[in-house]
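Colleague: Predicted model and sequence follow; I will ask about them next.
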Amino acid sequence: MRIGTGYDSHRFDAERELVLGGVLIPGHAGLSGHSDGDAVAHALIDALLGAAAAGNVGSHFPPTDAKWKGADSIELLRQAAAILSNRDFEVVNVDITVVCETPKIGPHVEAMRERLAGAMSLTIAQVSIKGKTNERMGWIGRGEGLAVHAVALIESGSTRSPL
């Protein structure tokens, strides 16, 4: 078994729609970024790739490449899951924390879990997401943006025990 961690943060951008965990969050400024700015998906991709010692989101989907401009980060997550599968790794579970003052994450958690689980061919029970505030401290507390922490547990196919 191997563990990877991921982190991503973005500033809010009133000119963009907010997408978190592959879910459109209406009525809130979006996130800046080269792709769709989905910090949940980006942190999760980093956790997965890190667990497999397979680089990071920027090494596979560089922001310097026009190909990824406006890209759907759920599709990038699918590709990251395929990289793990090609290396004979399987995702055991993932845990994600979104740190922001707004929007409220709770009402969107189940939809995000479903989107992320589907992209990785997991069950919803293998995906955990929760929201936390920063108690109005710092740039997150001032509502300038948000941050996401992710942890992924993977295991090698050669060490998996039969069910």
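Modeller: Cool, got the structure. Numbers count the residues shown, from 1 in each chain.

Colleague: hey, let's count contacts and neighbours off CA atoms from now on
Modeller: Noted.

Colleague: Identify each buried residue in the helix or strand bottoming out on mean pLDDT in the chain, please.
Modeller: Least confident helix or strand of the chain, by mean pLDDT, DSSP states H and E, is helix 57-60 with a mean of 85. Neighbour counts using 16 or more other C-alpha atoms under 10 Å place Val57 of helix 57-60 among the buried residues.

Colleague: list the helices and strands the helix or strand following that helix packs on?
Modeller: Counting by DSSP states H and E, the element after helix 57-60 in chain order, helix or strand, is helix 73-86. Counting contacts by 3 or more C-alpha pairs under 8 Å, 6 or more residues apart in numbering; DSSP states H and E, helix 73-86 packs against helix 39-51, helix 109-120.

Colleague: Could you check how far helix 73-86 is from the centre of its chain?
Modeller: Distance, stretch centre to chain centre, for helix 73-86: 11 Å (C-alpha atoms, centre = their mean, to the nearest Å).

Colleague: residues of it that come out buried?
Modeller: Ser73, Ile74, Leu76, Leu77, Arg78, Gln79, Ala80, Ala81, Ala82, Ile83, Leu84.

Colleague: got a markdown table for these, with distance to Lys130 too?
Modeller: Below are these laid out as a markdown table (distance: C-alpha to C-alpha, whole Å):
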| residue | distance to Lys130 |
| --- | --- |
| Ser73 | 19 |
| Ile74 | 18 |
| Leu76 | 22 |
| Leu77 | 19 |
| Arg78 | 21 |
| Gln79 | 24 |
| Ala80 | 22 |
| Ala81 | 22 |
| Ala82 | 25 |
| Ile83 | 26 |
| Leu84 | 25 |
